[in-house]
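> Predicted coordinates and the sequence they were generated for:
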Amino acid sequence: MYRGQFGMWLWILHRLTGVGILGFLFLHIADTYLVGLGPIFYEDLVFLYKIPPFRIIEVLLVGAVLFHASNGLRIILLDFWESAIKYHKQLFYFTLVLFLALWLPAAIIMLSSVKWT
C-alpha cells in the first residue's frame, strides 16, 4: 500500500486521465454521429467548442492526454527495465517535467485566441 506517496498519486492520476480521455472520446463519437443527421444538428453541438468554458475543458483534455502519455512511458520503463525501480523518484520528476514542458506551452497557445468577453 502506498499510503499517500507519489506512486499512489501517479496511479490515481493515470486512471483519472484515462477515464477523462474516454469520456471525450464518447463526446467526439456523438458529435461525429450528428454529422450524418444533418448540418443543423451538427452546428447545434459544435458551437460548444467555441465558448470559453469548453476551451478550458479542451486544455484540460490536452493535459490529460500528455500526462497519460508521459506517465505511460514511465510505467513502460518500470515494467521492462529491471533496474528502473532504483530510479523511480527520478522517473517521477522526469514525468512531471516532461508533462509540464509539453502542456504549458500548448495551454498558452490554446488559450491565447479565446475571447473572454
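Right, received. Where do you want to start?

> does residue 114 count as helix, strand or coil?
Per DSSP: H, G, I helix; E, B strand; the rest coil, the secondary structure class of residue 114 is coil.

> What residues does it make contact with?
52, 55 (Cβ atoms under 8 Å, 6 or more residues apart in numbering). For every residue, glycine as well, the C-beta is placed using N, CA and C.

> going forward can the numbers begin at 299, since that is how I track them
Sounds good: first residue 299 from here, last item residue 412.

> Let me know the pLDDT of residue 415.
For residue 415, the model assigns a pLDDT of 68.

> Over to residue 412?
80.

> Out of the helices and strands in this protein, which is least certain?
Every helix and strand of the chain was ranked by mean pLDDT, DSSP states H and E. The lowest is helix 337-344, at a mean of 79.

> Which strands and helices lie in contact with the helix or strand following that helix?
Using DSSP states H and E, the helix or strand that follows helix 337-344 in sequence is helix 350-378. Helix 350-378 is packed against helix 304-335, helix 386-410, with contacts defined by 3 or more Cβ pairs under 8 Å, 6 or more residues apart in numbering; DSSP states H and E.

> which ones are touching residue 396?
Taking Cβ under 8 Å, 6+ apart as the test, what residue 396 contacts is 368, 371.

> Could you rerun that using 6 Å?
residue 368 (Cβ atoms under 6 Å, 6 or more residues apart in numbering).

> Likewise for residue 329?
residue 343.

> which stretches of this protein have low pLDDT?
299-302, 415 (pLDDT under 70).

> Give me the most central residue, it.
residue 362 (1.3 Å; Cα atoms, centre = their mean).

> sorry, back to before: Throw the helices and strands packed on helix 350-378 into CSV and include distance to residue 356, thanks.
Formatted as CSV, those follow (distance: least, Cβ to Cβ, whole Å):
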stretch, distance to residue 356
helix 304-335, 9
helix 386-410, 7
